[in-house]
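J.: got a predicted model here, sequence first, then my questions.
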Amino acid sequence: MKRPTVLATAAAAILALVLVGCSAPDTNQDSAGVDLLAEYGLADMSAPEIINSLDRMNVSDRPSDLIASVRPDALVLTDNVQEVVLDMPDDVTYLSIAPYIEQTHECFFHSLTTCRGELSGQDIEVRIVDDATGDVIVTESTATFDNGFAGFWVPRDLQGTIEVTYNGRSGTTPFSTADEKATCITTLQLM
């Protein structure tokens with residue numbers, strides 16, 4: 001039986017350390033991450049719970065020094081000193097929609113603390129359709145949040161169309177929840 005050399009053993013140990021260093025932080029074990037979440041009243045909350053809480057919060061109550069970025073597969077929170085990454089559910093992702101009439105902004109990953117849409121607190125009708133099957137995924141009468149967005153949990157790997165009606169105006173836009181697609185839809189103009 002051949003024994004590993006000291007060089008081979010050292011190389012294996014270095015490789016193990018590198019792989020551990022490259023893995024995503026586990027906020028259950030990372031005290032800095034736990035501290036960041038606790039500082040903003042988000043401790044013991046999952047990514048969906050944090051998203052639902054922050055997106056529905058009044059703009060004036062949102063923490064100005066916290067950035068919360070919704071990615072298709074993760075929620076990234078940072079105060080520019082610490083960063084916490086929380087996994088999204090495997091089967092759904094969050095899609096945040098800001099319909100507009102005259103004014104919008106470019107956006108790709110929705111920021112729960114800084115993104116603002118034109119239509120704050122307005123009643124809208126939303127319909128989200130799966131383009132491949134024609135199935136209606138969402139049909140809902142809702143109001144936009146204080147930030148001008150309405151958020152929906154939708155299936156992953158979906159190509160679809162969003163239809164919004166507001167005050168006699170309507171508009172549509174395509175979207176995708178595949179791979180690294182946008183979670184912030186600001187291209188839906190109401191005519």
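T.: All right, it came through fine.

J.: and stretch 48-64, which residues are buried?
T.: 48, 50, 51, 52, 54, 55, 57, 62, 63 (16 or more other CB atoms under 10 Å). The C-beta positions use only the backbone N, C-alpha and C, and glycine is treated the same way.

J.: who's in contact with the second one?
T.: If a contact means CB atoms under 8 Å, 6 or more residues apart in numbering, then residue 50 has 42, 68, 75, 77, 86, 112 as its contacts.

J.: where's the first one relative to residue 113, distance?
T.: I take that to be residue 42. Using CB to CB, to the nearest Å, residue 42 is found at 12 Å from residue 113.

J.: domain-wise, how is this protein divided?
T.: Here the domain parsing of the chain from automatic domain parsing is 24-87, 92-185.

J.: pick the most deeply packed of those domains.
T.: domain 92-185 (a mean of 17; mean count of other CB atoms under 10 Å).

J.: what's the end-to-end length of that domain?
T.: Start and end residues of domain 92-185 are separated by 16 Å (CA to CA, to the nearest Å).

J.: quick check: bridge partners of the residue nearest the centre of the chain?
T.: The residue lying closest to the centre of the chain (CA atoms, centre = their mean) is residue 70, at 2.1 Å. For residue 70, the beta-bridge partners are residue 75 (DSSP bridges).

J.: spit out the contact partners of it.
T.: By CB under 8 Å, 6+ apart, the contact list for residue 70 reads 51, 94, 96, 109, 110, 111, 112, 183, 184.

J.: and for residue 35?
T.: Per CB under 8 Å, 6+ apart, neighbours of residue 35: residue 82.

J.: before we move on, the earlier item: just the contacts of residue 50 now: which is nearest residue 124?
T.: Sorting these by distance to residue 124 puts residue 112 at the head of the list, at 19.3 Å, by CB to CB.

J.: check contacts around that closest one.
T.: 50, 51, 54, 55, 62, 68, 69, 70.

J.: helices - which of those land there?
T.: 50, 51, 54, 55 (DSSP state H).

J.: make JSON lines from the residues you listed and add pLDDT and distance to residue 123 to it.
T.: Shown next, in JSON lines, are the ones in helices among the contacts of residue 112 (pLDDT from 0 to 100; distance: CB to CB, whole Å):
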{"residue": "50", "pLDDT": "97", "distance to residue 123": "26"}
{"residue": "51", "pLDDT": "98", "distance to residue 123": "22"}
{"residue": "54", "pLDDT": "97", "distance to residue 123": "22"}
{"residue": "55", "pLDDT": "97", "distance to residue 123": "17"}
